[in-house]
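A.B. asks: Using only what follows, build the 3D model:
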Amino acid sequence: MRKLTGLERVLTALKLQEPDVVPHFERVAKKVREGILPGASEEDFVEYMDLDGIRFIDRTHSWSYETVDENKRIKRDQWGGLVRYTTEDNPVPIEPAIKSERDLDTYVLPDPDEEWRYEYLKQRIFWGILATSGPWSKILTSSTGLMIFCSTTSYAI
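C.D. replies: The predicted model follows:
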């Protein structure tokens, strides 16, 4: 079998067929990227590491936060838990929304269908193509909402 591109590899696996190798993709923290390949963009780093894609979760634009303590950088996330912002890429959980089984009786989930959650994504996508140039221009979405960027090198759209 010939060597597949990242996109071909992921699509083959999603069709429950056997790709040349198991697809591998991750979301790599900026500190790690900087330690391995200083100054590289996320896309350049993924190409350098020969990964098939990037795991992407948007907690900045599609989640809501309420400031609890500005000096300590503590916020309540949309789920009701407390998080602290640090120098890490994502906020650090410090207190759960649900502390006991009784809390489940009154817990209300955030509405995933609120339009504002998708505004940032809509700004980045045009006709299913990610609004960037280079080999990282194809986006896939799964029924669970997982978003996968796949390399389109040598892939005809």
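A.B. asks: those helices in the protein, which residues are they?
C.D. replies: 6-14, 30-36, 42-49, 103-106, 119-124 (DSSP state H).
A.B. asks: Of all those, which one comes closest to K72?
C.D. replies: When those are compared by CB to CB, helix 30-36 sits nearest K72, at 21.6 Å. Just so you know, the C-beta spots here come from the backbone N, C-alpha and C atoms, and that holds for glycine as well.
A.B. asks: mind listing what's buried in the closest one?
C.D. replies: Neighbour-count burial for helix 30-36, counted by 16 or more other CB atoms under 10 Å, picks out R33.
A.B. asks: what packs against it?
C.D. replies: helix 42-49 (3 or more CB pairs under 8 Å, 6 or more residues apart in numbering; DSSP states H and E).
A.B. asks: Give me the buried positions along the helix it packs on.
C.D. replies: Within helix 42-49, the residues that count as buried by 16+ other CB under 10 Å are 43, 45-47.
A.B. asks: do stretch 113-121 as well
C.D. replies: Quick answer for stretch 113-121 (16+ other CB under 10 Å): R117.
A.B. asks: Number the chain from 22, please
C.D. replies: Done: numbering now begins at 22, and the last item shifts to stretch 134-142.
A.B. asks: tell me the mean pLDDT for it?
C.D. replies: Across stretch 134-142, pLDDT averages out at 78.
A.B. asks: CA atoms only: put that stretch into PDB for me.
C.D. replies: What follows is stretch 134-142, C-alpha atoms only, in PDB (Å, rounded to 0.1, in the frame of the first residue of the first chain):
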ATOM      1  CA  ASP A 134     -27.600  25.000  20.400                       C
ATOM      2  CA  GLU A 135     -27.200  28.600  21.300                       C
ATOM      3  CA  GLU A 136     -26.200  30.500  18.100                       C
ATOM      4  CA  TRP A 137     -23.400  32.500  19.700                       C
ATOM      5  CA  ARG A 138     -21.400  29.300  20.300                       C
ATOM      6  CA  TYR A 139     -20.800  28.900  16.600                       C
ATOM      7  CA  GLU A 140     -20.000  32.500  15.500                       C
ATOM      8  CA  TYR A 141     -16.300  32.100  15.900                       C
ATOM      9  CA  LEU A 142     -16.300  28.800  14.000                       C
END
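A.B. asks: All set, thanks.
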